[in-house]
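Asker: Next one to model:
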Amino acid sequence: MSARLTGAACRAGRAILKWSVRDLARAAGVSPTTINLLEADRPYRVATAEKISAAFLLHSVEITNGEGTGARLRFNQAAADPT
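Answerer: Numbers count the residues shown, from 1 in each chain. Alright, predicted model coming up:
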């Protein structure tokens, strides 16, 4: 996991994918309650953050910590270049 997963970053990632809490929970293999607690900035396990970040990455969303915490859609050069 490259960047720390925060509640704001988790919400941003879900927004990019237009996922509900249940969608993310299903994709990450965690409970919806776990997602709700994380997004409320409650303590969480490193393994939980890794599962959630992996689910986002699988769908081309990267958690970031540049100027502030957040998420971005990863650019796929192969998909953008038709040659």
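Asker: CA atoms for contacts and neighbours, from now on please.
Answerer: Noted.
Asker: Could you tell me how many residues sit around the nearest residue to Gly29 once chain neighbours are set aside?
Answerer: Excluding its sequence neighbours, the residue lying closest to Gly29 (C-alpha to C-alpha, 6 or more residues apart in numbering) is Lys51, at 7.3 Å. Other residues within reach of Lys51, judged by other C-alpha atoms under 10 Å, total 17.
Asker: Could you do Val61 as well?
Answerer: Neighbour number of Val61 under other C-alpha under 10 Å is 21.
Asker: doesn't Leu73 make contact with it?
Answerer: Yes. Using C-alpha atoms under 8 Å, Val61 is in contact with Leu73, at 4.6 Å.
Asker: what's the overlap in contacts for the two?
Answerer: Ile16 (C-alpha atoms under 8 Å, 6 or more residues apart in numbering).
Asker: Identify, by residue count, the longest helix of the chain.
Answerer: Ordering each helix of the chain by length in residues (DSSP state H) puts helix 46-58 first.
Asker: before we move on, back to that, now the residue nearest to Gly29: how far from Trp19?
Answerer: 16 Å (C-alpha to C-alpha, to the nearest Å).
Asker: Then Cys10?
Answerer: Relative to Trp19, and taking C-alpha to C-alpha, Cys10 is found at 11 Å.
Asker: Which residue of these two possesses the greater neighbour count?
Answerer: Counted by other C-alpha under 10 Å, Cys10 and Trp19 do not tie: Cys10 has more neighbours, with 24 against 14.
Asker: wait, isn't the more buried one in contact with Glu39?
Answerer: Yes. Counting by C-alpha under 8 Å, Cys10 does reach Glu39; the two are 6.5 Å apart.
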